[in-house]
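In: Predicted model follows, preceded by the sequence.
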Number of protein chains: 2
Amino acid sequence: MERNILLTIQYDGTNFSGWQRQPNARTVQGEIEAVLSKICAMPMQINGTSRTDAGVHALGQRASFKGDFGIPTDRIQLAANNMLAATVGTPRQCADVRIVKVEEMPADFHARFDCKGKTYRYVIRHGCEADVFQRNYAYQLKEKLDIDAMREGAKHITGTHDFACFQAAGGTPRETTVRTIFDLQVLERDEETIWIEVTGDGFLYNMVRIIVGTLVETGQGRKTAASIADIIASADRRNAGHTAPAEGLYLKEIYYDAEEMKKGR
Amino acid sequence: MERNILLTIQYDGTNFSGWQRQPNARTVQGEIEAVLSKICAMPMQINGTSRTDAGVHALGQRASFKGDFGIPTDRIQLAANNMLAATVGTPRQCADVRIVKVEEMPADFHARFDCKGKTYRYVIRHGCEADVFQRNYAYQLKEKLDIDAMREGAKHITGTHDFACFQAAGGTPRETTVRTIFDLQVLERDEETIWIEVTGDGFLYNMVRIIVGTLVETGQGRKTAASIADIIASADRRNAGHTAPAEGLYLKEIYYDAEEMKKGR
């Protein structure tokens, strides 16, 4: 009987050319499909929920795959993680990608099509010297940002809007650029660290990174918080801020239950 | 006039084949010498205080170099860091090595020979699943360690002893294996994180990593705290614990003033 398996996956995106399988490039999808194909003794393809770009990290990416294979569900995680760790050059207790949960799902479940929304986290360090250990894990800015101004600006982004201004060229064409941001928080983690956490029903290409770039410019005083409403109304990418670098971005959580997503926020 | 410059250097050791210059390998010394040679417009060689191994990190490595060159001392740091960042493949605000301080020293100062002692930090995560983001920065152990037992064991290591039992083969031959450990702390940073911080007048090859491996085995109940005195007395490497992996080790601080080192502890 065909089974339908849902994976929850963490990865450090630094050494991956993004999520999506590509010939001659190391990708998260490619690495996981390779080990699942060995474990299940048949060619396996997985459907990821989010096609993260090169350098982007994940705390809770999801992907599903189907097949009629023998290995018990609870053995897949251990076997895959051991094989992934073994593919990394030096001996390590874990690779830069790790399966953290494996679930058996109903036959009609699909990791991407059934997704009701996502939360991304973006990590900024500000007002301090660049830290060599954070170079792949945060957007590091020497100047201090005005967090109150960023929070003021964030209020204009929350809600249902046409977000064409926050869409980069080059993504998959979409029917509409209207999306709903349920929640957008600018969190002060410590004196040097800001987390921007954003939950929405869907995101356009590079949307989170452009929102962050726009909020950073607001925090630098280069844009006013009030101007963000005008930027959105203009539907023009050129009015928004820069695209913040990939290394600060983390796909934090995927929701399959819309109510749970709204409660969790 | 010949000047004598002391650098304080941070690096993420992950992508380096250690400190020491080698042909056909990316090393910290090699990278820094290359940029200093450009900045000073003459071939530059630096003397590092500690020859850290591949994968070992530094928060405060020191190195000195001499020469009769024009660039002002306070310009060296910015110029070198900009050039180092430019050598990293993708655009970043900092490379995996960064000069954090540049000082002009008296002519007879030498970064290595004048060193009175060092502090190393070793980072352990225990009692938790491996974290992909910590794979290069900590020794990750699924089981929970007995921290009290490790502290008990550490007491036997503090002081002046013949530490032949904690010396790996393959290092530079030394006149004596007697060293003084001024301080050895097992610090509980949070529920999952232990920092072992050790300050001594000098360290034998792999000494810190073997001390950590021995303390980990004590925390696992595979060795008793009391047996550590016997291990030291035996002067036999085979009686000590395993060599803990390089990725958990950080060269934290170098001391040129013995009194300051003892006060700081």
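Out: All right, it came through fine. The structure displayed is predicted, hence computed values, not measured ones.
In: Run a quick neighbour tally on the closest residue to A:K144 other than its chain neighbours.
Out: Spatial nearest neighbour of A:K144, excluding adjacent residues (CB to CB, 6 or more residues apart in numbering or on different chains): A:G127 at 3.6 Å. In short, each C-beta sits where N, CA and C put it, glycine included. Neighbour count of A:G127, defined by other CB atoms under 10 Å in any protein chain shown: 13.
In: Check the one 4 residues further on too.
Out: A:D131: 17 surrounding residues under other CB under 10 Å.
In: which stretch of helix or strand covers A:G60?
Out: Assigned by DSSP states H and E, A:G60 belongs to strand A:57-67.
In: swap in A:A229?
Out: Assigned by DSSP H and E, A:A229 falls in helix A:227-234.
In: can you check A:L184 too?
Out: Applying DSSP H and E, one finds A:L184 within strand A:178-190.
In: So what does A:I210 look like in phi/psi?
Out: When read as degrees, to the nearest 10, the backbone of A:I210 gives phi -80, psi -40.
In: From A:Y139, how far out is the closest residue to A:K116 other than its chain neighbours?
Out: Residue nearest to A:K116 in three dimensions, not counting chain neighbours: A:A258, with 4.3 Å by CB to CB, 6+ apart. Relative to A:Y139, A:A258 is positioned 30 Å away (CB to CB, to the nearest Å).
In: Counting neighbours around each, name which of those two comes out higher.
Out: For A:A258 versus A:Y139, neighbours defined as other CB under 10 Å are more numerous around A:Y139 (23 against 12).
In: so what's the backbone phi/psi at that one?
Out: The phi/psi pair for A:Y139 (degrees, to the nearest 10) is phi -90, psi 110.
In: Count the neighbours of the residue nearest to A:F69 when sequence neighbours are not counted for me.
Out: Closest residue to A:F69 apart from its sequence neighbours, by CB to CB, 6+ apart: A:C40 at 3.9 Å. Applying other CB under 10 Å, we find 19 residues neighbouring A:C40.
In: follow-up on the earlier one: I'd like the C-alpha coordinates of the helix holding A:A229 written as PDB, please.
Out: The C-alpha coordinates for helix A:227-234 follow below in PDB (Å, rounded to 0.1, in the frame of the first residue of the first chain):
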ATOM      1  CA  SER A 227       5.900  56.100   4.100                       C
ATOM      2  CA  ILE A 228       5.500  52.300   4.100                       C
ATOM      3  CA  ALA A 229       1.700  52.700   3.500                       C
ATOM      4  CA  ASP A 230       2.600  54.700   0.400                       C
ATOM      5  CA  ILE A 231       5.100  52.200  -0.700                       C
ATOM      6  CA  ILE A 232       2.600  49.400  -0.500                       C
ATOM      7  CA  ALA A 233      -0.100  51.500  -2.300                       C
ATOM      8  CA  SER A 234       2.400  52.300  -5.100                       C
END
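In: Give me the distance from stretch A:136-154 to the chain's centre.
Out: Remark: stretch A:136-154 is offset 19 Å from the chain centroid, using CA atoms, centre = their mean, to the nearest Å.
In: I'd say A:C115 and A:E253 touch.
Out: No - the pair A:C115 / A:E253 is not scored as a contact, 10.7 Å apart, by CB atoms under 8 Å.
In: Just want to know which of these two has more residues nearby.
Out: Shown here are A:C115 and A:E253; by other CB under 10 Å, A:E253 has more neighbours (21 against 17).
In: Pop out the phi and psi values for the more buried one.
Out: phi -150, psi 150.
In: mind listing what it touches?
Out: Counting by CB atoms under 8 Å, 6 or more residues apart in numbering or on different chains, A:E253 touches A:59-60, A:118-119, A:264.
In: Buried members of these into ChimeraX, please.
Out: Buried residues within the contacts of A:E253, by 16 or more other CB atoms under 10 Å in any protein chain shown, are selected in ChimeraX with:
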select /A:59,60,118,119
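In: The contacts of A:E253: which two are farthest apart?
Out: A:L59 and A:G264 (13.9 Å; CB to CB).
In: coming back round to it: what residues does the helix holding A:A229 touch?
Out: The contact list for helix A:227-234 (CB under 8 Å, 6+ apart) reads A:153, A:156-157, A:161-163, A:165-166, A:214, A:218, A:223, A:239-240.
In: With stretch A:141-159 instead?
Out: By CB under 8 Å, 6+ apart, stretch A:141-159 touches A:124-130, A:180-186, A:188, A:194, A:196, A:211, A:214-216, A:218-221, A:223-226, A:228-229, A:232.
In: Report the buried members of those.
Out: Members of these classed as buried by 16+ other CB under 10 Å are A:124-126, A:130, A:181-184, A:186, A:194, A:196, A:211, A:214-216, A:218-220, A:223, A:225, A:228, A:232.
In: For A:G67, name its beta-bridge partners.
Out: A:R3 (DSSP bridges).
In: Just give me the neighbour total for it.
Out: Neighbour tally, A:G67, other CB under 10 Å: 18.
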